[in-house]
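Asks: how would this look folded up:
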Amino acid sequence: MTVLVLGASGQIGHFLLPRLDAAGFGWIAVSRREGPDTRWRVGSLPNAMPELPPLRAIVSLGPIHEFAAWLVANRLPGTPHVLATSSMSAETKRESLVPEEREVSRRLRDAETTITATCASRGMPWTLFRPTLIYGAGVDKSLTPIVQASLRRRIFPLPAGRGQRQPVHADDIAAAVVAAIASPFARGQTFPIGGGERLLAAEMFRRARRSAGGATFPAPIPRLVLDLAALMSPAIRGPVSRLDSDLIADNRELERVLGIHPRAFRPSPDMWRPRR
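Replies: Model (predicted):
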């Protein structure tokens, strides 16, 4: 039986496919462009999917609302195990000062509910993951753009922030997905997943700078300057408002049920370059 991987060309998929091979799982990957071998199919959610064989599991690593819409609209043969990555933003942005971020949180929670309700009505097992800030493959939209821009400009901004952060490596999420496919105890579970270390936001930025792989000038940004910038630029109001808030995950169930212990935040220069 085959594992279908949606969003395989993204940062988690980069690590997941080799892990599936190592675990002995056959897989099919669907992406908008042709992949490197015949196991890749061209397609996209929610309305342009290729014909699929019977499946052991479906892993969604892309936008969860698009996956939820496809799952509702399509009756799949058998009862494959449905696994999907959501985000801790479902909770951390629930009360955001920015309406667009509150909407992101609502859409995430609605998609999670749609998936679990659809699976329950069809007898399909399900597992959801809520990662914190993801890094490791050089394609994330959070830390990597800051590192890459700083290397170009030779100036690395270091925002002041007392809130705790828990960056999680994409490969640790991939390991959790493979473990969940193999474990009957993962069914019907939503797992928060953060890195193996909690550190202050300011320290997270300092470590990212030290690991950038090039010389940069550190540019500390006082909180007053950040608050003034947020007043003038609504786009950064949400991130600035959370710098003193803890954005962390409780990994206890992940560790107990799946035996996954994510690594500490010790980035290296190759983690800020896109993987091929």
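
Asks: what's the burial count for residue 231?
Replies: Counted with other CB atoms under 10 Å, residues neighbouring residue 231 total 11. Glycine gets a C-beta too; all of them are placed from N, C-alpha and C.

Asks: Just to be sure, it is in a helix?
Replies: Yes - when DSSP: H, G, I helix; E, B strand; the rest coil is applied, residue 231 is found to be in a helix.

Asks: Where does the residue nearest to it when sequence neighbours are not counted fall, secondary structure wise?
Replies: Closest residue in space to residue 231, ignoring its immediate chain neighbours: residue 237 at 7.9 Å, by CB to CB, 6 or more residues apart in numbering. Element membership of residue 237 [criterion: DSSP states H and E] is helix 237-241.

Asks: What helices and strands are in contact with the following helix or strand past that helix?
Replies: Sequence-wise, the next helix or strand downstream of helix 237-241 (DSSP H and E) is helix 252-253. In terms of contacts (3 or more CB pairs under 8 Å, 6 or more residues apart in numbering; DSSP states H and E), helix 252-253 is packed against strand 189-193.

Asks: same question for the strand it packs on, mean pLDDT?
Replies: Mean pLDDT, strand 189-193: 98.

Asks: what pairs with it, and is each one parallel or antiparallel?
Replies: Paired strands of strand 189-193, with direction, are strand 126-131 (parallel) (DSSP bridges).

Asks: Please, where are all the helices along the stretch 51-200 of the chain?
Replies: Along the stretch 51-200 of the chain, counting by DSSP state H, counting those that start in this stretch, helices occupy 64-73, 89-92, 99-122, 143-153, 170-182.

Asks: do you know which of the ones you listed lies nearest residue 190?
Replies: helix 99-122 (7.3 Å; CB to CB).

Asks: could you give me the average pLDDT of that closest one?
Replies: When pLDDT is averaged along helix 99-122, the result is 96.

Asks: Cheers, nothing more for now.
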